[in-house]
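Asks: have a look at this prediction, sequence included:
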Amino acid sequence: MNNYFDIQVNGYGGIDFNKDGLTVDELRRACETLRRDGVTGIFATICTEQIPVMGRRATQIVKLCDRDPLCRQLIAGIHFEGPFMNETAGYRGAHSEAALHPANLDEMKLLLDAAGGLTRMVTLAPERDPGMATTRYLAGEGIVVSAGHTNASLNDLKAGLDAGLKMFTHLGNGCPMQMHRHDNIIQRALSLADQLWLCFIADGVHVPFFALKNYLKVAGLERAIITTDAVAPAGLGPGTYTFGKWTVVAGEDMALWAPDRSHLVGSGIFMPKVEDNLRRHLGLGDTAIRQLICDNPRRAFGL
């Protein structure tokens with residue numbers, strides 16, 4: 001199977017999309033590796049940093065795509081993951097606490113301008129969007145707003161839905177290891193599965209396979225999306241890697257851990273392995289797998 005579409009790719013094949021000074025040759029190499037692995041479309045994900053830094057990195061991607069036909073073809077849009085997310089330990093994950101802050105519409109517009117019309121997705125915490133003003137604006141611009149790295153109450157999520165919230169980013173992650181056994185962000189999101197696209201990482205570590213099987217039963221295959229949350233070491237195999245400010249350790253499952261194993265730092269998995277996991281560990285057939293990693297990501301964005 002090929003024709004995969006991945007809505008959350010922070011880097012690939014040793015290339016970090018969030019580094020300053022990214023070259024067209026580096027971006028093309030990443031795209032060539034993605035294409036080799038059967039991926040025909042991605043959203044390049046720009047992670048939390050200070051607004052000028054995020055804007056500069058988004059503009060960098062846009063300019064490099066303009067210079068290379070393969071990059072332009074494969075990178076179907078930009079996904080801003082942050083900085084309007086919950087800064088509390090556990091919910092922030094690997095995102096910089098210093099750069100996380102409540103949503104500001106003027107800052108959001110600066111990021112959109114920097115991305116030159118390529119923004120397709122923004123992950124934010126609904127409880128950090130005062131009056132849902134940013135959610136409402138983005139939805140009006142045709143950009144998919146996804147809840148993530150959030151401890152939104154059920155009322156927050158419903159208010160987000162009223163304002164145009166459509167998705168939940170890597171459900172089961174971006175939250176503490178220990179939470180209330182019933183009233184937690186995973187259960188709240190699952191209770192709204194008929195109204196939200198729910199996204200999951202299928203490496204068996206970000207979400208254990210038995211839990212992912214349960215989540216997909218609740219979400220329904222027609223409203224679920226599997227992504228990789230790939231970072232620079234994706235596709236390189238087990239080892240120790242350094243990119244940006246991170247040194248990470250990857251095992252056979254290609255989940256990327258901080259050296260003290262206090263938290264995950266994205267994934268090094270690639271889509272052919274995701275497909276194998278879904279078939280081998282969840283017992284899904286070709287039609288269901290294609291729906292989760294090829295068709296639904298495109299359908300959610302009207303592609």
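Replies: That came through fine.

Asks: drop to CA atoms for contacts and neighbour counts, all remaining ones
Replies: Noted.

Asks: distance of Phe210 relative to Asp25?
Replies: Distance, Phe210 to Asp25, using Cα to Cα, to the nearest Å: 41 Å.

Asks: could the C-alpha coordinates of the strand or helix carrying Asn277 be exported in CSV?
Replies: Per DSSP states H and E, Asn277 falls inside helix 271-280. Output in CSV follows, covering the C-alpha atoms of helix 271-280 (Å, rounded to 0.1, in the frame of the first residue of the first chain):
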residue,chain,number,x,y,z
MET,A,271,4.1,4.9,7.5
PRO,A,272,4.9,1.3,6.2
LYS,A,273,5.6,0.3,9.8
VAL,A,274,2.3,2.0,10.9
GLU,A,275,0.5,-0.1,8.3
ASP,A,276,2.2,-3.2,9.6
ASN,A,277,1.2,-2.3,13.2
LEU,A,278,-2.4,-1.8,12.2
ARG,A,279,-2.6,-5.1,10.4
ARG,A,280,-0.5,-7.2,12.9
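
Asks: and the next helix or strand past it?
Replies: helix 286-290.

Asks: which secondary structure elements does that following helix sit against?
Replies: Packing contacts for helix 286-290, counted by 3 or more Cα pairs under 8 Å, 6 or more residues apart in numbering; DSSP states H and E, involve helix 271-280.

Asks: give me the contacts around the helix it packs on.
Replies: 4, 37-39, 202-204, 228, 284-286, 289, 293 (Cα atoms under 8 Å, 6 or more residues apart in numbering).

Asks: which positions in the top helix by length along the chain come out as buried?
Replies: Determined from DSSP state H, the single longest helix within the chain is helix 51-67. Judged by neighbour count using 16 or more other Cα atoms under 10 Å, the buried positions of helix 51-67 are 51, 53-62, 64-65.

Asks: and for stretch 206-223?
Replies: For stretch 206-223, a neighbour-count test (16+ other Cα under 10 Å) marks His206, Val207, Phe209, Leu212, Lys213, Tyr215, Leu216, Val218, Ala219, Leu221, Arg223 as buried.
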